[in-house]
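> Give me a 3D structure for the following:
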Amino acid sequence: MFKSRKLIATIMIVAMLLTLIPMTAFAGAPAVFTFNGQLNDKVGAANTVKFNFDPEKNLVKGDTITITVPLQYTVADVAAGTAIGSGKVNVTPGTGDTVRGIKYGVANNVVTITLGDGDTIQKDNGNAVIEVPVTNPSVAGSYNWSLVTSKDTTAATAAVTVIPAAANEFSSNVSANKTQVDADNEDTVEYTIFTYDQFYNPTPATVYFASSRGAADSFVEGTGTSFTAPGPTNNNVGSVKTGADGKATIKVKSSIAGTAKVGFALANAPGGDSNQTIYQYLIGNSVTSVGKIKLIKVLDVTFAGSSAANINLFGNVAVRDRDDAVNIPAIANYLGQTGVWGPAVDREGNTWGKANDLDYYEISVKVTNANNAPVSGAEVKFSADKAAARFSATSVTTDAQGIAKTKVYATKAGIYTITYRTDGATAKDVKVQFLAAGVSKINLKTDNDRTLAKGTKPSFKFELVDTNGNQVVPSDPFGNEIKAVDAITKPDGVTIKKDSFNYALDSATNYLKAQFKNALNKEGDYKIRFSLDNGSYVDVTFTIKQQGTITGLKLSYPQSVMPMDTVSGVPTVTWVDAAGVEKDVDDTDFDGNGISFAANDYNKIQGAIDPNTGVFTTTKDKDFIGDLIITATDVVNKLSASCKISIGRELSTLVATAPTAKTPTDKTALVEIKAVDINGNQVAVGNVPTLEVKNAYATVKPADAGVSIEAATGFAKALKEKGVANLEVTSTKAGDVTGVAVIDINGKNYTVTFTVPFGEPAPEVDK
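Numbering: from 1, shown residues only. Coordinates of the predicted model:
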């Protein structure tokens with residue numbers, strides 16, 4: 001009896017100690033989980049993934065088996081409690097197992113199997129088999145599945161491999177490294193073949209190829225396996241098998257000049273039909289079915305005689321150094337711009353590559369034949385995409401080394417695309433960037449002598465130009481060009497200096513905008529001088545007065561005439577009192593300042609006027625063109641102002657009008673460019689994204705004359721807002737100059753032609 005009590009006490013103590021041990025100390029090892037072969041393991045196919053399952057511990061009613069299927073598979077979601085059965089998740093019992101009422105569910109690619117009454121799957125009693133119907137991933141590879149039971153805490157994992165499907169002619173592709181080679185039976189075109197299944201997985205396949213010229217062209221093996229060259233014994237069809245990466249290469253050469261078509265296909269003579277081959281297709285056999293031969297691609301190749309075949313940039317682009325006889329390398333990929341050569345600094349710290357018509361880039365190109373031998377005596381032609389470029393020579397003959405050189409200058413800043421070409425070779429481009437020649441002058445572009453309301457923050461816009469009159473875009477951070485700001489006249493107690501202003505870029509005009517940081521509350525006359533480093537300056541004058549009761553409203557739009565289907569500019573709305581004191585309304589929030597807009601005829605615009613900015617789009621319907629009246633109403637002060645805008649037909653063309661009187665050769669002729677609609681009426685172009693003189697050149701000029709045709713300053717702005725702008729034409733020799741200008745307006749090129757007569761300069765008068 002004593003021994004029994006002692007045993008019971010010992011058991012109780014052990015039981016108490018066991019309660020102090022974490023449950024994880026008894027966690028089961030992972031269940032045995034192995035794939036036992038797949039019914040279909042190709043990408044994208046319907047498949048039933050089958051695997052052996054042996055639990056670590058016996059499973060009974062209420063126990064669960066959780067299978068996590070990789071998300072790349074598609075498993076149809078099934079509500080929990082669905083019966084195991086044909087076409088669904090299935091469990092086949094092992095020896096001694098009982099499987100009757102097992103239910104399952106699927107959600108988010110997680111399969112949960114629950115055992116029911118009388119169900120058992122016993123450890124070490126023979127493997128049960130679980131089957132999960134899926135759609136395979138579209139990407140070939142190895143995918144890890146995992147399985148865990150309610151009596152296991154560690155998931156078992158196993159991998160299944162999904163292989164590519166058969167090659168697909170629509171996914172597969174072929175590329176050539178050249179389209180032309182010498183007909184010397186040595187120079188080759190290399191074709192790179194890629195075979196993919198319909199999901200673009202690389203897959204090995206046999207590819208058949210042929211030339212439309214049959215035995216005239218010779219194929220040789222590059223990479224791949226099982227290469228067979230075309231020949232009479234195989235109906236002029238060759239073959240090559242791509243590797244595990246789906247890739248193979250072959251090469252073709254010829255000693256016979258001419259053009260051939262080289263074709264590639266995935267099938268050859270299906271069903272023994274000798275008409276169904278890639279060769280038969282290339283020679284025009286109408287019986288051949290593209291679908292039957294599974295055509296991949298046909299590429300053209302030209303076998304040329306020994307002549308110019310290539311033209312390429314030779315060495316670095318050079319930029320002029322201080323010593324005219326020395327060139328220094330321009331900067332490649334200037335400021336991260338791929339393919340652009342930019343200004344460089346010489347040993348004395350001078351920057352070269354400015355648009356001053358003095359600095360230049362020297363471009364050297366080399367012409368070679370198909371064997372990469374230099375071609376001498378070839379004519380190389382150079383051209384630029386902008387009219388402001390000038391060349392030392394536009395036509396240069398290659399020397400004994402096949403090299404031709406030219407120098408390119410510019411009078412306007414920007415990136416210039418220089419094209420070089422020669423007969424027999426594909427034209428190439430090189431880009432060079434010219435910097436602005438430096439800010440030389442500052443021009444005021446806002447109204448002067450205004451009387452402005454006390455408490456406002458006046459703002460002004462300035463145009464920066466270089467020595468050639470080219471507009472210079474303000475630097476970033478803005479305001480760097482301004483050396484000093486001085487108050488020439490101001491009320492007592494007011495301090496004004498450079499940092500009294502915020503500076504920004506006016507993106508619509510590329511003007512520099514300066515606005516007072518703080519409101520001006522001192523009445524009186526102001527004269528503010530903005531100076532450049534070189535001493536050039538501009539004075540801004542205005543008067544600050546207390547604005548009385550607002551008695552008037554002003555409204556103006558940038559455009560007075562507009563074509564159909566065009567976006568207007570932002571209007572200027574100004575409050576005015578009886579004494580003429582003005583205050584501009586915030587042009588980004590008219591509605592928030594009590595200003596509303598209305599049109600006299602909404603048929604003349606599309607939709608509504610933007611209440612915040614006052615911007616609108618003109619009608620698309622030609623039946624509603626004519627005068628449009630826009631009225632701005634101040635609902636607080638009960639004032640209104642109107643503005644008339646004439647709407648014409650859509651832009652039809654550009655018309656050039658040149659002066660008829662002779663322009664002296666020391667002067668600049670202005671050629672008027674006018675935008676007109678289909679009825680010949682002048683129309684503003686509107687706020688289109690792009691508007692530039694794409695190219696301008698002389699087709700006729702006096703012998704040895706230097707001719708320049710350039711867009712006048714503000715050309716794009718004038719065409720956008722008024723529909724008329726000027727080209728500037730100069731000539732160093734007397735005589736007629738016939739010019740052509742190509743003007744890009746929103747992706748459409750308009751060409752104008754004009755003739756300007758030039759005469760000798762007037763004789764100097766003896767003072």
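> got the end-to-end distance for stretch 663-676?
Start-to-end span of stretch 663-676 (Cα to Cα, to the nearest Å) is 26 Å.
> do the same with stretch 442-459
Using Cα to Cα, one end of stretch 442-459 lies 16 Å from the other.
> Now it: buried residues?
By 16 or more other Cβ atoms under 10 Å, the buried positions in stretch 442-459 come out as 442, 444, 445, 450, 451, 452, 453, 454, 456, 458. All C-beta spots, glycine's among them, are computed from the backbone N, C-alpha and C.
> export the residues you listed to TSV and tack on secondary structure?
What follows is the buried residues of stretch 442-459, written out as TSV (DSSP: H, G, I helix; E, B strand; the rest coil):
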residue	secondary structure
442	strand
444	strand
445	coil
450	strand
451	strand
452	strand
453	strand
454	coil
456	coil
458	coil
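> Which members of those are the farthest-apart pair?
Maximum pairwise distance in the buried residues of stretch 442-459, criterion Cβ to Cβ, is 27.7 Å, between 442 and 454.
> Flag the shaky bits of the stretch 301-450 of the chain, pLDDT-wise.
Within the stretch 301-450 of the chain, the segments meeting pLDDT under 70 span 304-306, 321-326, 371, 387.
> Show me what residue 691 is bridged to.
Beta bridges link residue 691 to residue 745, judged by DSSP bridges.
> Check whether it really touches residue 675, as I assumed.
No - counting by Cβ atoms under 8 Å, residue 691 does not reach residue 675; the two are 10.1 Å apart.
> Between these two, which contacts overlap?
685, 719 (Cβ atoms under 8 Å, 6 or more residues apart in numbering).
> between the two, who's got more neighbours?
For residue 691 versus residue 675, neighbours defined as other Cβ atoms under 10 Å are more numerous around residue 675 (28 against 19).
> what's the average pLDDT for the helix or strand that contains that one?
Per DSSP states H and E: residue 675 is located in strand 669-677. Taken as a whole, strand 669-677 carries a mean pLDDT of 93.
> Who are the packing partners of that strand?
Here strand 669-677 touches strand 651-657, helix 715-721, strand 724-731, strand 735-745, strand 748-759, going by 3 or more Cβ pairs under 8 Å, 6 or more residues apart in numbering; DSSP states H and E.
> The first one - what's its average pLDDT?
So that's strand 651-657. Mean pLDDT, strand 651-657: 91.
> That strand to strand 748-759, inter-axis angle?
Put simply, strand 651-657 runs at 10 degrees to strand 748-759, going by axes from the mean of the first three to the mean of the last three Cα atoms, to 10 degrees.
> and after strand 651-657, which helix or strand comes next?
Next along from strand 651-657, by DSSP H and E: strand 663-664.
> all helices for this protein, in order.
Under the criterion DSSP state H, the chain contains helices at 2-19, 278-282, 290-293, 715-721.
> gap between the second one and the chain center?
Computed by Cα atoms, centre = their mean, to the nearest Å, the separation of helix 278-282 from the middle of its chain amounts to 39 Å.
> elements contacting it?
strand 206-211, strand 258-265, helix 290-293, strand 295-304.
> If we use 7 Å, what do you get?
Judged by 3 or more Cβ pairs under 7 Å, 6 or more residues apart in numbering; DSSP states H and E, helix 278-282 is in contact with strand 206-211, strand 258-265, helix 290-293.
> got the contact list for that helix?
By Cβ atoms under 7 Å, 6 or more residues apart in numbering, the residues outside helix 278-282 that reach it are 208-210, 212, 235-237, 261, 263-265, 288, 290, 293, 295.
> so how far is the first residue of stretch 165-172 from its last?
Counting by Cα to Cα, you get 12 Å between the two ends of stretch 165-172.
> my bad, should have said stretch 267-278
Start-to-end, stretch 267-278 (Cα to Cα) is 8 Å.
> mind listing what's buried in that stretch?
By neighbour count on 16+ other Cβ under 10 Å, the buried set for stretch 267-278 is 267, 268, 269, 276, 277, 278.
> ok now do the first one, which residues does it touch?
Right, the one you point to is residue 267. 292, 293, 294.
> Skipping adjacent residues, who's closest to the first one in space?
Meaning residue 292. residue 276 (4.8 Å; Cβ to Cβ, 6 or more residues apart in numbering).
> Tell me how far the one you found lies from residue 270.
Noted for residue 276: a distance of 6 Å to residue 270, by Cβ to Cβ, to the nearest Å.
> Repeat that for residue 80.
The gap separating residue 80 from residue 270 is 50 Å, by Cβ to Cβ.
> Ok, residue 506 next?
As for residue 506, its distance to residue 270 is 69 Å (criterion: Cβ to Cβ).
> cool, and residue 144?
Going from residue 144 to residue 270 by Cβ to Cβ gives 40 Å.
> could the helices and strands packed on strand 669-677 go into JSON lines alongside mean neighbour count?
As requested, these are arranged in JSON lines below (neighbours: other Cβ atoms under 10 Å):
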{"stretch": "strand 651-657", "mean neighbour count": "18"}
{"stretch": "helix 715-721", "mean neighbour count": "21"}
{"stretch": "strand 724-731", "mean neighbour count": "22"}
{"stretch": "strand 735-745", "mean neighbour count": "19"}
{"stretch": "strand 748-759", "mean neighbour count": "16"}
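> Figure out which of these is closest to residue 118.
strand 748-759 (81.4 Å).
> Taking strand 735-745 as reference, get the angle to that closest one.
160 degrees.
> Pull out the buried residues from the strand holding residue 675.
By neighbour count on 16+ other Cβ under 10 Å, the buried set for strand 669-677 is 669, 670, 671, 673, 674, 675, 676, 677.
> try stretch 365-373
Buried residues in stretch 365-373 (16+ other Cβ under 10 Å): 365, 366, 367, 368, 369, 370.
> What are the contacting residues of that stretch?
Contacts with stretch 365-373, where a contact means Cβ under 7 Å, 6+ apart, come from 181-182, 184, 187, 304, 306-314, 374-375, 378, 380, 398, 402-404, 420, 422, 425.
> hmm, which of those residues are the buried ones?
Of the contacts of stretch 365-373, these count as buried by 16+ other Cβ under 10 Å: 181-182, 184, 187, 304, 308-311, 313-314, 374-375, 378, 380, 398, 402-404, 420, 422, 425.
> In strands, which of those appear?
Of those, the ones assigned to strands by DSSP state E are 181, 182, 304, 308, 309, 310, 311, 313, 380, 403, 404, 420.
> Reformat the residues you listed as CSV; add distance to residue 223.
Formatted as CSV, those follow (distance: Cβ to Cβ, whole Å):
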residue, distance to residue 223
181, 19
182, 24
304, 26
308, 31
309, 25
310, 25
311, 30
313, 31
380, 37
403, 36
404, 38
420, 35
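> which among those gets closest to residue 561?
Nearest to residue 561 among those, with distances taken as Cβ to Cβ, is residue 420, at 43.0 Å.
> show me what contacts that closest one?
Applying Cβ under 7 Å, 6+ apart to residue 420 gives the contacts 311, 365, 380, 382, 427, 428.
> looking at it, the first one is touching residue 429, isn't it?
Spelled out, that is residue 311. No - taking contacts as Cβ atoms under 7 Å, residue 311 lies outside contact range of residue 429: 11.1 Å.
> Find residues that contact each of those two.
In contact with both residue 311 and residue 429: no residue, using Cβ under 7 Å, 6+ apart.
> picking that back up, overlap in contacts, residue 276 and residue 270.
Counting by Cβ under 7 Å, 6+ apart, the contacts common to residue 276 and residue 270 are residue 292.
> My guess is residue 315 contacts residue 363. True?
No - in this structure residue 315 lies outside contact range of residue 363 using Cβ under 7 Å: 9.8 Å.
> And the two? Which one has more around it.
For residue 315 versus residue 363, neighbours defined as other Cβ under 10 Å are more numerous around residue 363 (24 against 12).
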